[in-house]
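Please find the sequence and the predicted model below.
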Amino acid sequence: MILPYLSVAVLVVATLYAAVVSFRQPSESAAGSWIFPAAAGRRVRIFVGVATLILVIGIGSWFALSVQHTVRRSSRFLIPDGYAGWVRVEFEVQGAPALPVEGGQYVLRIGPDGSLTTSSLEQFGWAKDSYYFDSVDGLHLIPDAGPQSLIWGKINGEAAGVSGKRKYEEFFVGTQQQFKDQGKVERRTIP
Amino acid sequence: MLPFAIYFIAGTVTGFHVYTLLSLAVYGAPFNPLEFVSLLGSFGLLIAAYVSLFRPNAGARIALIAALTVWCFYGPAVARILRTRHGTQTKISRGFSRPTAPGVELG
């Protein structure tokens, strides 16, 4: 909240200082004064150059590390063929099976009622998840982007119920019109 | 070193502030095209900081131009905040007469 005020304050100082230096008469002494110094010496230039290099490397490293930390393992959702409606995955459920990993992806096999419970932790970060209709003749990719998308309203949340706190992920499977129409239907509650 | 510090800090702080405002556009927040102009000005201040190490007067001129570019965004923003704080609502209230309360005799 202090940033806007700080920005204006330093901008005022920079503008006034630059205006004074631009329009003042040049000083007679070659060294200048402390407030209006002449060109910096060789040592100062080297110091600034090295400090800038360290700063750039530091920012670059921090950026690279933060990008690495925000990447997660992607998930493959296997949804019963022809299913339309909300899908709910509940994480950290004691006694439930852990999510299997196949080909570097978590595999989430959704039940016929559109739900899945797992003891695995919920993953956060950037990843490209994929969605498939699981039918007897194999897997069929479900479009999850663009006007032909069949995946809508993906949310992550945490809710408290009788059985304690639960982390969950929800999304809707169906056409955009079905997604809009279901807004009037009551949402399910945690058992 | 003083001009370098002034221009560098000004460029970094204003640039970071405007960058945070622009990044809100990812979440659907509307952005002002002047924010891009301001960001360019912040970059100019950083350049002025390094130029001032070699040629203080040239650096100051670059810094002045860059600072005025940054003001393109901050000027209207500050003016708007001040107007809102001082509550000049003449346009809205124009043409309306304030209703007067009936006289009440106390005591």
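All right, it came through fine.

which residues of chain A fall in strands?
With strands called from DSSP state E, chain A shows them at A:75-80, A:85-91, A:101-102, A:105-109, A:115-117, A:130-135, A:138-141, A:151-161, A:164-173.

okay if I get the ones you listed as JSON lines plus mean neighbour count, distance to residue A:47 and mean pLDDT?
(C-beta placed from N, C-alpha, C; glycine too.) JSON lines is the format used below for the strands of chain A (neighbours: other CB atoms under 10 Å in any protein chain shown; distance: least, CB to CB, whole Å; pLDDT from 0 to 100):
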{"stretch": "strand A:75-80", "mean neighbour count": "20", "distance to residue A:47": "50", "mean pLDDT": "94"}
{"stretch": "strand A:85-91", "mean neighbour count": "20", "distance to residue A:47": "52", "mean pLDDT": "93"}
{"stretch": "strand A:101-102", "mean neighbour count": "10", "distance to residue A:47": "51", "mean pLDDT": "92"}
{"stretch": "strand A:105-109", "mean neighbour count": "17", "distance to residue A:47": "50", "mean pLDDT": "93"}
{"stretch": "strand A:115-117", "mean neighbour count": "19", "distance to residue A:47": "59", "mean pLDDT": "93"}
{"stretch": "strand A:130-135", "mean neighbour count": "16", "distance to residue A:47": "52", "mean pLDDT": "93"}
{"stretch": "strand A:138-141", "mean neighbour count": "11", "distance to residue A:47": "57", "mean pLDDT": "91"}
{"stretch": "strand A:151-161", "mean neighbour count": "12", "distance to residue A:47": "48", "mean pLDDT": "82"}
{"stretch": "strand A:164-173", "mean neighbour count": "18", "distance to residue A:47": "50", "mean pLDDT": "86"}
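
now the helix or strand bottoming out on mean pLDDT in chain A: how far from the chain's centre is it?
The least trusted helix or strand in chain A, going by mean pLDDT, DSSP states H and E, turns out to be strand A:151-161, with a mean of 82. From the chain centre to the centre of strand A:151-161 is a distance of 16 Å (CA atoms, centre = their mean, to the nearest Å).
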